[in-house]
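Undergrad: Okay, here's the prediction I keep looking at, along with the sequence it came from:
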Amino acid sequence: MKKIGFLSFGHWTPSPQSGTRSAADALLQSIDLAVAAEELGADGAYFRVHHFARQLASPFPLLAAVGARTKRIEIGTGVIDMRYENPLYMAEDAAAADLISGGRLQLGISRGSPEQVIDGWRYFGYAPSEGENESDMARRHTEVLLDVLRGEGFAKPNPQPMFPNPPGLLRLEPHSEGLRDRIWWGAGSNATAVWAAKLGMNLQSSTLKDDETGEPFHIQQAKQIRAYRDAWAEAGHTRTPRVSVSRSIFALMDERDRMYFGSSRSESDSIGFLDEKTRAIFGRSYAAEPDKLIEQLKQDEAIAEADTLLLTVPNQLGVDYNAHVIESILKHVAPAMGWRD
């Protein structure tokens, strides 16, 4: 059995060909798609976060709104760039969204990917400390977030407060019990996956990672997941970690599917560079009739290793079509893969 959710980048463009022409469209349609996905029996509604782009950016109002409109489905991010975040303010926002949803938040965070502007985090008021680079800064912000989410007091109270205080040092409020165990790290390399395991975070692995061995993407990703689980066991954590992978998967059920994805699918991995030093491998997408799709997916070692699969959706094609994409996988692919009864 496997949890299956969707991952939306929340693109919008004023183009007449787009079904999502404004930021308001992207936000409101994201809520509607989460509601539809829950009704279809999907397990998760996840949203990408990008700054300085015509995409979803500020996640917590959206997560809170989705939490208020749904009852069962997990809600999350994949991922929030920690270079841009004040970890204490973020902890308050995350706890509020989690409480509104009844404890369904699955918060994916990471160092982030190349952005639309140069050093965009500087505009947000952040800069690496002496001896740090931007990745170090993201990990420092993460460690602060994880610490305050434990709910332990750390701030000295005012002896003459406006309102009465509980005894002892004060913690951030609101606090949501259990949220600390529902933080995920989006790892682009084996080393950062191991680091996440040591800190007790769940693992998100997307459709790209550092090309560390030259092997096919799904094999490298499966090895990353195994290295993560080995590090988790070595760290002695008591709970079972969760691991997600994301994929572009389309079952060709009708003429619309064939028009959109029948001839554009990539049946092989591709290689690119995230920056001057980082060679990355990008995983293939899948688009085929259900019987062929099932056979292809059975060969994907990383999907087999993960307990959660996030389907990347073409959000600009509208809520109804994306609900159809999700339903096609849940009904015509997942049972044959052993992911559903």
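TA: Yes, it's here.

Undergrad: for this protein, what helix or strand is lowest in average pLDDT?
TA: For the chain, using mean pLDDT, DSSP states H and E, the weakest element among its helices and strands is strand 270-273, scoring a mean of 85.

Undergrad: got a list of contacts for that one?
TA: Counting by C-beta atoms under 8 Å, 6 or more residues apart in numbering, the neighbours of strand 270-273 from elsewhere in the structure are Asp211, Arg279, Ala280, Ile281, Phe282, Arg284. Just so you know, the C-beta spots here come from the backbone N, C-alpha and C atoms, and that holds for glycine as well.

Undergrad: try 6 Å this time
TA: Outside strand 270-273, the residues within contact range by C-beta atoms under 6 Å, 6 or more residues apart in numbering are Arg279, Ala280, Ile281, Phe282.

Undergrad: for that strand, which positions count as buried?
TA: Of the residues in strand 270-273, none count as buried by neighbour count, 16 or more other C-beta atoms under 10 Å.

Undergrad: now do stretch 60-71
TA: Phe60, Leu62, Leu63, Ala64, Ala65, Val66, Gly67, Thr70.

Undergrad: What are the boundaries of the strands in the stretch 101-250 of the chain?
TA: Using DSSP state E, counting those that start in this stretch, the strands of the stretch 101-250 of the chain run over residues 105-110, 183-186, 202-205, 208-210, 243-247, 249-251.

Undergrad: Quick one: list the elements packing against the fourth one.
TA: In terms of contacts (3 or more C-beta pairs under 6 Å, 6 or more residues apart in numbering; DSSP states H and E), strand 208-210 is packed against strand 279-282.

Undergrad: Next one: the residue nearest the centre of the chain from Ser135, what distance?
TA: The residue lying closest to the centre of the chain (C-alpha atoms, centre = their mean) is Gly78, at 1.7 Å. With distances taken as C-beta to C-beta, to the nearest Å, Gly78 is found 18 Å from Ser135.

Undergrad: same thing with Gln17?
TA: 37 Å.

Undergrad: out of these two, which sits in the more crowded spot?
TA: Neighbour tally, Gln17 and Ser135, criterion other C-beta atoms under 10 Å: the higher count belongs to Ser135, 15 against 7.

Undergrad: pretty sure the more buried one is in contact with Arg111, am I right?
TA: Yes - using C-beta atoms under 6 Å, Ser135 makes contact with Arg111 at a distance of 5.0 Å.

Undergrad: In contact with Leu56, which residues are there?
TA: For Leu56, counting by C-beta under 6 Å, 6+ apart, the contacting residues are Gly10, Phe47.
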